[in-house]
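**Student:** Below are the sequence and a predicted model; questions follow.
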Amino acid sequence: MSTVSLKEIAIDGLPASVHAGGKGDALLLVHGGWGGASMHWAPVWEQLADRFHVIAPDLPGVGRTDTPGLGSLAAYARWLERLLDSLGVSSAWCVGNSFGAGVTSWFATQCSARCRGLVLVNGTPVPPLPRLVGWLGARPLPRQMLRALVRKQAYNPAILGRAYADPARAPAALRAIMEHGNPPQLDALLDAILQGGPRAPLGVKPLILWGEADRLAGSTARDARKLHDALPGSQLTFIPATGHMPQVENPEAFIDAVTRFIEARSAAARPRGLGGQAGAGA
């Protein structure tokens, strides 16, 4: 019997979808720009729900394309905060894949009290950008050019060979999006990225969890090492023979890495007894 089920709720008066289930610490799974929560997390969420309260929303305009995109990473981070409010969740461990890494990084920066820890999966925090970039993105000709570039680099069947160690493992839903002439997620993704990320530094020490065979521009193993060097205190873990969605290509290794990280951080945060030993019940 399935533990994780789809719930329909309302956020800011608009319909929202979230897959949720399980018991334990809240684990917020934020998907990438290629599709919704099921495409990204279905291979792992049932096993994760054995240990955590899994919360996997469909982001407006990206995962749920019958609702409008929110226009910026900041707006998506605020939307996540209101999602947790509606579910009665005070704080959560946050996991973001690809575009979701940008969203959760902003959430961890702006809503730090609600992010217990952060896992970046083949995705990086989006840097702050000059306002001119967003302005140009709203002008017809520059936007047309930027849109064509994103379409080529992110929504193109040819990239599956670089995104996956074994392209045969790519979900059918992802293949359909790649073959779509005008992916409905594209504009929501472009709008959010063009607004840039937060100017405040990322205050948490994340786990950088990376499919080592990812060869997409900006998310190679080399990019993961550069990110690790740029974030003091971060932990870098590679999953061999997997690409941009390691949770799809090797669910067991992904679950093990996330669980170990959370257990280690939770143990370190427990009160210590006399002599530096963990207190009773730890």
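**Tutor:** Happy to help now that I have it.

**Student:** Touching stretch 152-159 from outside, list them.
**Tutor:** Contact with stretch 152-159 is made by 33-34, 175, 177-180, 183, 185-186, 189, 216-217, as judged by CB atoms under 8 Å, 6 or more residues apart in numbering. From N, CA and C alone the C-beta is placed, and that goes for glycine too.

**Student:** now these: which count as buried?
**Tutor:** 33-34, 177-178, 183, 185-186, 189, 216 (16 or more other CB atoms under 10 Å).

**Student:** Dump the residues you listed to CSV, plus distance to Pro128, secondary structure and pLDDT.
**Tutor:** As requested, those are exported to CSV (distance: CB to CB, whole Å; DSSP: H, G, I helix; E, B strand; the rest coil; pLDDT from 0 to 100):
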residue, distance to Pro128, secondary structure, pLDDT
Gly33, 19, coil, 97
Trp34, 25, coil, 97
Ile177, 29, helix, 95
Met178, 30, helix, 95
Pro183, 27, coil, 94
Gln185, 23, coil, 96
Leu186, 23, helix, 96
Leu189, 18, helix, 96
Leu216, 23, coil, 96
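
**Student:** For the stretch 101-250 of the chain, which segments are assigned as strands?
**Tutor:** With strands called from DSSP state E, counting those that start in this stretch, the stretch 101-250 of the chain shows them at 115-121, 207-211, 235-239.

**Student:** In a markdown table: the ones you listed, plus mean neighbour count.
**Tutor:** Converted to a markdown table, the strands of the stretch 101-250 of the chain look like this (neighbours: other CB atoms under 10 Å):
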| stretch | mean neighbour count |
| --- | --- |
| strand 115-121 | 26 |
| strand 207-211 | 26 |
| strand 235-239 | 19 |
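
**Student:** so how many other residues sit close to Gly71?
**Tutor:** 16 (other CB atoms under 10 Å).

**Student:** Provide the backbone phi and psi angles at it.
**Tutor:** phi 90, psi -20 (degrees, to the nearest 10).

**Student:** Excluding covalently adjacent residues, which one is nearest to it?
**Tutor:** Asp191 (5.1 Å; CB to CB, 6 or more residues apart in numbering).

**Student:** The one you found against Val133, yeah?
**Tutor:** No - the criterion here is CB atoms under 8 Å, and Asp191 misses it with Val133 at 11.7 Å.

**Student:** Which one of those two is surrounded by more residues?
**Tutor:** Asp191 (21 against 15).

**Student:** Gly137 versus the more buried one, what's the distance?
**Tutor:** Going from Asp191 to Gly137 by CB to CB, to the nearest Å gives 7 Å.
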